[in-house]
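Novice: just a sequence and a predicted model for now, questions to come.
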Amino acid sequence: MAFLNLYKDNLKRNYEFLRQKFKENNVAWGAVSKLLCGNEIYIQELIDLGIDEIHDSRISNLAKVKEINENIKTVYIKPPSKRNLADVVTYADVSLNSELNTIKWISEEAVKQQKKHQIIIMVETGDLREGVMGEDLVEFYAKIFRLPNVEVIGLGTNLNCLNGVMPSTDKLIQLSLYKQIIELKFNKEIPWVSAGTSVTIPLMLNHQLPKGVNHFRVGETLYFGANLFDDSTIKGMNDGVFELCAEIIELQEKPLLPTGNLAANPQGEIAEIDESLYGQSSFRGILDLGLLDVDPKYLIYDKDEFEVLGGSSDMLILDLGKNPKNYQVGDLIRFKLKYMGALAVLNSYYIEKRVK
């Protein structure tokens, strides 16, 4: 049976590193938990670190956070859908918004629930995902400030998630200027400029973060120690929070090339034949997880030791060459994971989740 380890000491090391850096820069922050896919054991580990603000894009995950600790501030981080608004107001203290009608509906729901719901207005800064266009921002805010039971606590932006547009000092200064314009125009204080996600952290570490930016939403760097500017691990952080372990369920020496008439497999792929390999063989291992659980391109491993050749829905196939490590059936193969790989594994019902 395949399983996923979360190494709590490595997670704590990453958390303490970020906590100290944000403190030095006078920046508030919350942890993004969507990678954990609502796993209660892992959410508890997150809360046990001392985190008091959790962000997620699934309202069911925020409901679990509230079940564990109702005092955690919960933030819903994608534009709410109309049919989801009652739960958003119930389980999220804050939501990120960019549609005027949605905010009107949130206001009506908040009145119905006799609650005050806080919102952050997302601003388009070039990546072309969610966000109000800058030239429309003043008029947008003018209409929101009139709504009951809605409190505007910030403006924010999202970068790098769709078109890969990277954050820059200039873009973040522009966002800070929008905040100043709105505060002057409406004589209202807007506490947060929530411009930071994991991809923005290197700017802060390199002292390029404008002073006006005072709130971050951090997921990937917390879990992987990742510097998303250069794909390295940030010095002082750890990339070993997660480890995927899969058992070898078959290991036999077989020819390198298939035999018979070739057609497309269930993934629509047709094997390419290198005729120079005819007559050669290697040890092939089968692992007890498959494409249903993770795409092999998101697995990190030493390719001098083995290679993942591909897979089917429930099995991945390894080429172990001459098997220099003398692997046997029943042995475990261990992988680090890229972000999307971890997301898939955490979302897999079939992979056991453990804490080490």
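Specialist: Received the coordinates, thanks.

Novice: and the pLDDT for residue 8?
Specialist: Looking at residue 8, its pLDDT stands at 96.

Novice: need the contact list for it.
Specialist: Residues counted as contacts of residue 8 (C-beta atoms under 8 Å, 6 or more residues apart in numbering) are 45, 355-356. In short, each C-beta sits where N, CA and C put it, glycine included.

Novice: in a markdown table: the residues you listed, plus pLDDT and distance to residue 320.
Specialist: Below are the contacts of residue 8 laid out as a markdown table (pLDDT from 0 to 100; distance: C-beta to C-beta, whole Å):
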| residue | pLDDT | distance to residue 320 |
| --- | --- | --- |
| 45 | 96 | 34 |
| 355 | 97 | 30 |
| 356 | 95 | 26 |
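
Novice: among these, which ones are buried?
Specialist: Taking 16 or more other C-beta atoms under 10 Å as the criterion, what is buried in the contacts of residue 8 is residue 45.

Novice: I'd like the distance between the residue nearest to residue 6 when sequence neighbours are not counted and residue 223.
Specialist: Nearest non-adjacent residue to residue 6, counting by C-beta to C-beta, 6 or more residues apart in numbering: residue 355, 5.2 Å away. Using C-beta to C-beta, to the nearest Å, we find residue 355 at a distance of 14 Å from residue 223.

Novice: and if you look at residue 173?
Specialist: 29 Å.

Novice: what about those two, which has more around it?
Specialist: Neighbour count, other C-beta atoms under 10 Å: between residue 173 and residue 223, residue 223 has more, with 28 against 15.

Novice: which residue lies farthest from the center of the protein?
Specialist: Of all residues in the chain, residue 279 has its C-alpha farthest from the mean position, at 45.3 Å, by C-alpha atoms, centre = their mean.

Novice: report the contact partners of that residue.
Specialist: residue 255.

Novice: quickly find the element holding it.
Specialist: Element membership for residue 279, per DSSP states H and E: none, as it lies in no helix or strand.

Novice: give me the phi and psi for it.
Specialist: phi 90, psi -10 (degrees, to the nearest 10).

Novice: ok, now residue 339?
Specialist: Main-chain torsions, residue 339, degrees, to the nearest 10: phi -50, psi -50.

Novice: number of residues surrounding it?
Specialist: By other C-beta under 10 Å, 17 other residues sit near residue 339.

Novice: wait, isn't it in contact with residue 221?
Specialist: No: the pair residue 339 / residue 221 is not scored as a contact, 10.1 Å apart, by C-beta atoms under 8 Å.

Novice: before we move on, the earlier item: and the contacts of residue 8, which is closest to residue 97?
Specialist: Nearest to residue 97 among the contacts of residue 8 is residue 45, at 29.8 Å by C-beta to C-beta.

Novice: pretty sure that closest one contacts residue 354?
Specialist: No: with contacts counted by C-beta under 8 Å, residue 45 stays clear of residue 354, the gap being 11.2 Å.

Novice: now for the two: what residues contact both?
Specialist: residue 6.

Novice: what are the ranges of the helices in the stretch 151-300 of the chain?
Specialist: With DSSP state H, counting those that start in this stretch as the criterion, the stretch 151-300 of the chain has helices at 169-186, 201-205, 220-224.
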